[in-house]
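In: Predicted model and sequence follow; I will ask about them next.
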Amino acid sequence: PVSPVSVSAGSLSQPVLTQPASPSAYPGASARLTCTLSSGYRVGGYQMSCFQQKAGSPPWYLLMFKSDSDKPQGSGVPSHFSGSKAASANTGLLLISGLQTQDEADY
């Protein structure tokens, strides 16, 4: 699950991320997970972070994507995790290439 983005904007409304139902995929395949930013906000103006959470464990920071050239990954995160933004769809993307059984989690 994805937590809403929070901003300090007084009484103004806050942007919200919407994540569709989780896809199912087999080991070795790729999974593309999307988060769409609410209308009235532009994904290009935000840095977006992705986390992995397995049952009974705290969230683990995977990566943040600010721009195509600025996408820092967390410590020990496998290289088959990557992120990007699709400005035309106002969406953040998490791509997991070459899925492994240990990738089963909430994102």
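Out: Cool, got the structure. Numbers count the residues shown, from 1 in each chain.

In: Once you drop chain neighbours, what's closest to Ser84?
Out: Closest residue in space to Ser84, ignoring its immediate chain neighbours: Leu93 at 5.0 Å, by CB to CB, 6 or more residues apart in numbering. In this view, the C-beta of every residue, glycine as well, is placed from N, C-alpha and C.

In: The one you found contacts Lys71, correct?
Out: No: with contact defined as CB atoms under 8 Å, Leu93 does not reach Lys71; the gap is 11.2 Å.

In: thinking again about what came up before, may I have the residues that are in contact with the residue nearest to Ser84?
Out: Counting by CB atoms under 8 Å, 6 or more residues apart in numbering, Leu93 makes contact with 32-35, 83-86.

In: Now the buried members of the residues you listed.
Out: The neighbour count (16 or more other CB atoms under 10 Å) marks 33-35, 83, 85 as buried among these.

In: For Ser13, state which of the contacts of Leu93 is nearest.
Out: Distance to Ser13, by CB to CB, is smallest for Cys35 among the contacts of Leu93, at 17.9 Å.

In: Which of the helices or strands spans the closest one?
Out: strand 31-37 (DSSP states H and E).

In: repeat for Cys50
Out: Counting by DSSP H and E, Cys50 is found in strand 48-52.

In: And the following helix or strand past that strand, what does it pack against?
Out: Sequence order places strand 60-65 as the next helix or strand after strand 48-52, per DSSP H and E. Counting contacts by 3 or more CB pairs under 8 Å, 6 or more residues apart in numbering; DSSP states H and E, strand 60-65 packs against strand 48-52, strand 81-86, strand 91-96.
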